[in-house]
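Asks: pasting the sequence and the predicted model now:
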Amino acid sequence: MTQDERWDAHWREIMDFIKKNHRNPSKHCPEERNMHNWWKQQKKLFNANALSDDRIDRFNQLLAIGEQYRHINQYL
């Protein structure tokens, strides 16, 4: 499996998770921790402009859907 195929698999896994559960992966749930860490690492690369153009477009899609289900602290 190439790096691009692995990246696509992670991307697809998180997109499916968000669409199914209507929330982002949690760092507190052991089953979701790998997805959360991958997302966090990709965000760092995105902010450092270290992602390829194709990955930037797809990661923007992920950020957009993730923003819809972002956790909002109700005790502000």
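Replies: Done, it's in.
Asks: so, low pLDDT: which residues of this structure?
Replies: Residue ranges of the chain with pLDDT under 70: 71-76.
Asks: biggest helix in it by residues?
Replies: helix 3-21 (DSSP state H).
Asks: quick one: contacts of it?
Replies: 1, 24-25, 32, 35, 38-39, 55, 58-59, 61-62, 65-66, 69 (Cβ atoms under 8 Å, 6 or more residues apart in numbering). The C-beta positions use only the backbone N, C-alpha and C, and glycine is treated the same way.
Asks: one more: stretch 48-62?
Replies: So stretch 48-62 is contacted by 7, 11, 14-15, 18, 39, 42, 45-46 (Cβ under 8 Å, 6+ apart).
Asks: is Gln42 in a helix, a strand, or coil?
Replies: Three-state assignment for Gln42 (DSSP: H, G, I helix; E, B strand; the rest coil): helix.
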